[in-house]
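> sequence and predicted structure are below.
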Amino acid sequence: MSRRVCMFFVFVAMVAGFVGGAVAHRLFTPEPVFAQQETQVGRVIEAQEFRLLDKDGKTVARLTVQGGNILAEVPDFSGWTIKFPKRASGQQ
């Protein structure tokens, strides 16, 4: 077999592969699948109290506002409470 005939067969095989791939893509296109809905991510979370829970649902720490002061409490760690003073009005 001459080199020219061999190159012709390689070319025909490549074209047939591309055409077959394109046709198969058109005939056997699967339906799109969505595993779960996208979650909406917000920029601001507002709450009066945040609790950190362990795997059993027991409160490990708490962040809250009482009397205008911010309190961070860790009840199981010697009953620590960290108090942040009120900010002057107009500050953020």
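Happy to help now that I have it.
> who does the longest strand anywhere in the chain pair up with?
Identified as the longest strand of the chain according to DSSP state E is strand 59-66. Sheet pairing of strand 59-66 (DSSP bridges) gives strand 49-53 (antiparallel), strand 69-74 (antiparallel).
> mean confidence for the first one?
The one in question is strand 49-53. The average pLDDT within strand 49-53 is 87.
> what are the buried residues along that strand?
Within strand 49-53, no residue qualifies as buried by neighbour count (16 or more other CB atoms under 10 Å). In short, each C-beta sits where N, CA and C put it, glycine included.
> pull the distance from that strand to the chain's centre.
22 Å (CA atoms, centre = their mean, to the nearest Å).
> and the contacts of it?
59-65 (CB atoms under 8 Å, 6 or more residues apart in numbering).
> residues contacting Thr64?
Residues near Thr64 by CB under 8 Å, 6+ apart: 48-50, 70-71, 73.
> between those, which is nearest Gln40?
Phe50 (19.7 Å; CB to CB).
> can you tell me how far that closest one sits from Val60?
12 Å (CB to CB, to the nearest Å).
> quick revisit: export the contacts of Thr64 to a markdown table and tack on distance to Pro85?
Below are those laid out as a markdown table (distance: CB to CB, whole Å):
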| residue | distance to Pro85 |
| --- | --- |
| Gln48 | 19 |
| Glu49 | 19 |
| Phe50 | 19 |
| Ile70 | 8 |
| Leu71 | 11 |
| Glu73 | 16 |
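> considering those residues, which is situated nearest to Val5?
Checking these one by one against Val5 (CB to CB), the nearest turns out to be Phe50, at 77.0 Å.
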